[in-house]
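Q: Can you look at this prediction? I've put the sequence above it.
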Amino acid sequence: QFVESGGGAVQPGGSLRLSCVASGFTLDEFAIGWFRQAPGKEREAVGCIGSSTASGYLLDSVKGRFAISRDNAKNTVYLQMNSLKPEDTAVYHCARGLVLSAQKENYDYWGQGTQVTVSE
């Protein structure tokens with residue numbers, strides 16, 4: 001099970017940090033992905049982080065603005081989002097990956113999502 005938190009409404013240029021706390025399994029044994037889905041759009045991978053923090057992936061449009069990190073002691077993965085833009089508005093989900101991948105088909109457990117809204 002995952003529980004995401006940290007979403008909210010911010011102005012363009014603002015920052016948010018999303019948290020994804022896992023229970024029922026050990027987080028550091030799996031890749032963890034962050035995905036987002038805007039109204040009327042397909043769910044897309046924002047990024048993912050491997051069981052080794054040295055590995056990962058970020059969507060081109062968020063590189064330099066977003067970062068994924070993990071605290072295995074707290075069984076938590078974070079998505080730090082800076083310089084937010086209106087096009088980042090979406091519901092953000094974390095998910096457990098069987099492999100390090102940007103394909104949602106490779107993820108088996110999903111959180112309920114947290115809303116991020118970026119507007120004036």
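A: Yes, it's here.

Q: Find the least confident helix or strand in this protein, judged by mean pLDDT.
A: The helix or strand of the chain with the poorest confidence is strand 56-58; it has a mean of 86 (mean pLDDT, DSSP states H and E).

Q: Report the distance from it to the chain centre.
A: Strand 56-58 has its C-alpha centroid displaced from the chain centroid by 11 Å (CA atoms, centre = their mean, to the nearest Å).

Q: For that strand, which helices and strands make contact with it?
A: Identification of packing neighbours for strand 56-58 by 3 or more CB pairs under 8 Å, 6 or more residues apart in numbering; DSSP states H and E yields strand 44-49, strand 66-71. (C-beta placed from N, C-alpha, C; glycine too.)

Q: and the last one, which residues are buried?
A: Using 16 or more other CB atoms under 10 Å as the test for burial, strand 66-71 gives 66-68, 70.

Q: what are the pairing partners of that strand, and which direction each?
A: strand 76-81 (antiparallel) (DSSP bridges).

Q: How about residues contacting the strand it pairs with?
A: For strand 76-81, contacts defined as CB atoms under 8 Å, 6 or more residues apart in numbering pick out 15-22, 27, 32, 34, 46-47, 49, 62, 65-71, 88, 92, 94, 116.

Q: isn't residue 115 right up against residue 91?
A: Yes: proximity of residue 115 to residue 91 meets the contact threshold set by CB atoms under 8 Å, at 5.4 Å.

Q: Would you mind telling me which of these two has the busier surroundings?
A: Taking other CB atoms under 10 Å, residue 115 and residue 91 do not tie; residue 91 has more neighbours (18 against 12).

Q: Isn't that one up against residue 34?
A: No: Residue 91 lies out of contact with residue 34 (CB under 8 Å); the separation is 11.3 Å.

Q: And the buried ones among the contacts of strand 76-81, selectable in PyMOL?
A: In PyMOL syntax, the buried subset of these is picked out as below (16+ other CB under 10 Å):
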select buried, resi 16+18+19+20+21+22+27+32+34+46+47+49+62+66+67+68+70+88+92+94+116
